[in-house]
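1. can't give you the sequence, but here's the structure:
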């Protein structure tokens with residue numbers, strides 16, 4: 001349990017005493033199951049992988065009735081989990097350096113959160129890997145008043161629906177097929193049935209009132225954000241990132257780093273970032289046909305000497 005009172009669930013692979021720790025963050029409406037095909041390959045390469053369920057997702061607890069699910073709230077999940085799990089200490093946060101390399105790996109929204117966190121705490125991450133993410137969505141200031149109005153009115157409906165029954169599915173397979181179909185609602189994207197099933201297995205809850213299962217995420221995660229950063233603010237975070245960074249871009253995915261505003265973001269990021277284009281759609285890490293290519297790109301990147309620089313030495317219990 002975190003100091004905030006939330007309980008965050010997670011999955012892990014690899015040896016607990018591995019020299020490199022990878023904190024893997026999932027996308028919007030997904031959960032830690034999104035890394036089931038990639039994490040074993042990272043563990044085989046000698047890394048410890050810990051995949052987190054953000055609050056309101058997967059098997060983690062939901063936030064209080066009037067709390068929010070903004071990117072900054074998920075950054076708080078990350079810091080709280082790192083401290084509660086012992087992956088970092090309060091002293092390391094204060095000093096801005098860790099005793100062992102810490103890799104932040106994020107898909108989609110998880111990548112957005114990882115980039116904000118790495119900009120806020122530039123000394124904590126030794127490497128940064130974003131899969132189908134080039135940091136958070138931006139919006140210029142004139143659009144803010146209408147966005148806030150939409151968010152507040154939608155929020156009223158979301159809170160009113162918290163106690164209403166959720167849609168029931170006959171079983172996890174039926175829920176997975178719906179998850180697969182829903183992927184096409186966003187820019188005609190696709191997710192494999194295998195990937196949708198991994199997400200459904202972790203994200204579904206058995207109903208206590210009737211036969212069937214339902215998706216257990218907090219309905220409020222679907223509410224529109226009341227505010228986006230401006231592009232200038234996004235660039236400020238990216239310029240502060242010190243960690244060598246890899247962007248894994250799906251060739252059929254949502255992000256084209258050759259177009260604005262993403263090419264300008266890469267320019268602001270500078271020489272610290274590289275792009276690896278891999279065949280696949282937005283959920284390419286959860287597709288059996290493309291997950292191996294994603295894992296290969298990540299392992300190849302993490303094997304570079306620059307990606308795992310020396311960090312502060314372990315504190316010794318003996319004195320000279």
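-> Looks like it arrived, so ask away. Quantities reported herein were computed from a predicted structural model and do not represent experimental measurements. Numbers count the residues shown, from 1 in each chain.
2. name the element the closest residue to residue 240 other than its chain neighbours belongs to?
-> The spatially closest residue to residue 240, leaving aside those adjacent along the chain, is residue 119, at 4.3 Å (CB to CB, 6 or more residues apart in numbering). For the C-beta atoms, the positions are set from N, CA and C on the backbone; glycine is no exception. Mapping residue 119 onto the secondary structure by DSSP states H and E places it in helix 109-120.
3. same for that helix, what does it pack against?
-> The criterion is 3 or more CB pairs under 8 Å, 6 or more residues apart in numbering; DSSP states H and E, and the helices and strands that helix 109-120 contacts are strand 20-25, helix 71-85, strand 102-107, strand 127-131, helix 231-240.
4. which helices and strands does the fourth one pack with?
-> By that I understand strand 127-131. strand 102-107, helix 109-120, strand 245-250, helix 291-302.
5. helix, strand or coil for residue 205?
-> Counting by DSSP: H, G, I helix; E, B strand; the rest coil, the backbone at residue 205 sits in strand.
6. Quick check: it touching residue 214?
-> Yes - in this structure, residue 205 sits in contact with residue 214. The criterion is CB atoms under 8 Å, and the distance is 5.9 Å.
7. can you pull the contacts of the residue most central in space within the chain?
-> Using CA atoms, centre = their mean, the residue of the chain that lies closest to the mean C-alpha position is residue 110, 1.7 Å off. The contact partners of residue 110, by CB atoms under 8 Å, 6 or more residues apart in numbering, come to 24-27, 54, 133.
8. For the helix holding residue 119, buried residues please.
-> 109-119 (16 or more other CB atoms under 10 Å).
9. Ok, stretch 234-245 next?
-> Buried residues in stretch 234-245, counting neighbours by 16+ other CB under 10 Å, are found at 234-235, 237-238, 241-245.
10. distance between the ends of that stretch?
-> When the termini of stretch 234-245 are compared using CA to CA, to the nearest Å, they are 16 Å apart.
11. who touches it?
-> 104, 115-116, 118-120, 122-123, 125-130, 135-136, 138, 229, 264-265, 268-270, 272-274, 301, 304, 306-307.
12. picking up where we left off before, where's the residue nearest to the centre of the chain relative to residue 142, distance?
-> Counting by CB to CB, to the nearest Å, the separation of residue 110 from residue 142 is 29 Å.
13. pLDDT below threshold where in the stretch 1-150 of the chain?
-> Within the stretch 1-150 of the chain, the segments meeting pLDDT under 70 span 1, 3.
14. what about residue 220, distance to residue 73?
-> Shown here: residue 220 relative to residue 73, a distance of 11 Å by CB to CB.
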